[in-house]
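J.: Sequence first, then the predicted structure:
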Amino acid sequence: MSVDRYMEEKKPKLLRHTFSSTVALALLVMSVYGHGGTKDSPKTAEEWLGAMISTMSSSSYKGKYVYFDGTQLRPVSLKYANIGGVSHELIMHLEGVESEILRIGNEVTCLHDGKIVDRFTQPSALSTSALRGFASSNMLKHYKASLGKSTRVAGKKAMHISLMPKDKYRYGYHVWVDRGTYLLLKSVLSTGEQEDMEVFEFIDISLTDDLTALDFKISGVDDLNSDPIPENSKGQNSPNQVNWEPTWLPDGFMHHKILSQARVQQPANSLDMRSYSDGISSFSLFISMAEELALDAKDEMAMKRGATFIYSKLVNNKQYRVTFVGELPLAAARRIVGSVELPATQH
């Protein structure tokens with residue numbers, strides 16, 4: 001199998017794996033602060049973020065936004081509601097090939113070109129459990145939160161909040177929050193070098209109380225229960241799982257078991273996947289057998305889409321392939337993948 005073909009086959013599934021989590025991260029990049037909204041007008045960056053989280057997780061809203069991934073600008077619609085204590089979220093691309101992502105609780109369904117291409121379970125970044133295991137005091141060791149100038153976004157007065165990294169192994173974020181409703185209006189992931197790698201900006205958003213379960217359906221699909229989620233997509237261990245561990249991670253990053261349960265259906269040669277987060281930035285590592293690759297396959301391959309790097313390397317005398325997918329600089333991806341220790345295969 002050629003390198004180009006390998007990357008083309010992996011690319012759609014890996015990008016689908018990161019798309020919903022990237023959008024969720026853009027919605028709540030600061031979810032590590034929990035739901036600590038304040039009844040008084042927020043004064044500090046942390047208080048503004050807490051007010052945003054409280055509003056975005058407990059309210060119902062709908063709107064349209066543009067999403068720029070570094071190469072393409074996409075118009076998208078979004079609906080979110082908490083119905084009977086269960087989060088409901090529907091994301092629809094508004095041009096090009098019909099694409100939708102529906103999340104009800106932890107169950108995610110992805111539609112592409114009129115067909116369901118993935119169904120899996122994945123904790124929502126909008127839920128209190130997804131990223132709350134990281135304390136804000138730990139976050140402030142690696143990011144500096146500060147308030148910027150008030151401006152206008154989507155026709156609304158907005159407060160600018162920046163979260164800048166204290167090392168070279170992660171990116172910075174800028175968010176703009178509605179001064180009246182505390183809804184997120186805009187999120188930008190930046191390298192800090194005047195380059196916006198990923199932009200998420202509402203052109204229209206409003207609170208609403210008229211959303212019901214009938215508003216959260218995939219186009220052309222009347223009953224999702226007729227196509228149940230495969231058992232291997234529910235966070236269960238692969239029967240071929242191997243013992244492995246990266247021996248180096250950037251400070252503050254931890255193996256997150258909840259996020260690691262967000263398993264998409266993987267090819268037969270895949271062995272395992274684990275996710276890591278510092279509470280704001282995140283990445284996943286995929287381990288697969290490399291036996292189907294051509295002998296002349298390149299030892300390492302890299303591709304970039306906006307802020308998302310896909311970096312893949314053959315290890316253990318080309319017995320395994322380790323693939324990194326996440327929103328960290330390439331230098332961090334290379335160092336993390338290079339530190340993964342795997343057992344030798346038995347012949």
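T.: Arrived safely.
J.: so residue 168, which of the three states?
T.: With DSSP: H, G, I helix; E, B strand; the rest coil as the basis, residue 168 sits in coil.
J.: hang on, I meant residue 47
T.: helix.
J.: Ok, residue 274 next?
T.: Per three-state DSSP, residue 274 ends up strand.
J.: Please tell me how far it sits from residue 94.
T.: Separation of residue 274 from residue 94 (CB to CB, to the nearest Å): 34 Å. Any C-beta I mention is one placed from the backbone N, CA and C, and that applies to glycine too.
J.: out of these two, which sits in the more crowded spot?
T.: residue 274 (17 against 13; other CB atoms under 10 Å).
J.: Confirm for me that the more buried one is in contact with residue 249.
T.: No - contact status for residue 274 versus residue 249: not in contact, 11.0 Å apart, counting by CB atoms under 8 Å.
J.: what residue ranges in the stretch 101-250 of the chain score low on pLDDT?
T.: 121-140, 192-196, 222-242 (pLDDT under 70).
J.: cutoff 50 now
T.: The stretch 101-250 of the chain contains residues with pLDDT under 50 at 125-136, 232-239.
J.: Helices along that one, start to end?
T.: 136-139 (DSSP state H, counting those that start in this stretch).
J.: Please list the outside residues in contact with stretch 210-221.
T.: 60, 62, 79, 81, 83, 88-90, 98, 100, 102, 104, 109, 111, 114, 116, 224, 227 (CB atoms under 8 Å, 6 or more residues apart in numbering).
J.: Repeat the analysis, applying 6 Å as the threshold.
T.: 60, 79, 81, 83, 88, 90, 100, 102, 109, 111 (CB atoms under 6 Å, 6 or more residues apart in numbering).
J.: how about the fifth one, what does it touch?
T.: The one in question is residue 88. 81, 104, 216.
J.: And stretch 204-212, what's buried?
T.: For stretch 204-212, the neighbour count (16 or more other CB atoms under 10 Å) marks 205, 211 as buried.
J.: what about dumping the CA coordinates of it to CSV?
T.: Once non-C-alpha atoms are left out, stretch 204-212 reads as follows in CSV (Å, rounded to 0.1, in the frame of the first residue of the first chain):
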residue,chain,number,x,y,z
ASP,A,204,-26.5,34.7,14.4
ILE,A,205,-27.3,33.1,17.8
SER,A,206,-30.1,33.5,20.2
LEU,A,207,-31.5,31.8,23.3
THR,A,208,-34.8,29.9,22.7
ASP,A,209,-37.3,27.9,24.6
ASP,A,210,-39.1,26.3,21.7
LEU,A,211,-36.8,23.4,20.9
THR,A,212,-38.1,19.8,21.4
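J.: who's in contact with residue 336?
T.: residue 246.
J.: That one: which element?
T.: helix 330-338 (DSSP states H and E).
J.: The next helix or strand after that helix pairs with which strands, parallel or anti?
T.: The helix or strand immediately downstream of helix 330-338 is strand 340-341, counting by DSSP H and E. The strands beside strand 340-341 in its sheet (DSSP bridges) come out as strand 245-246 (antiparallel).
J.: For the next helix or strand after the strand it pairs with, give me every contacting residue.
T.: Remark: after strand 245-246, the chain's next helix or strand is strand 254-255, criterion DSSP H and E. Defining contact as CB under 6 Å, 6+ apart, one finds that strand 254-255 is touched by 274, 276.
J.: Please apply the same query to stretch 327-334.
T.: Under CB under 6 Å, 6+ apart, the answer for stretch 327-334 is 169-170, 250, 281, 283, 307-309, 311, 324.
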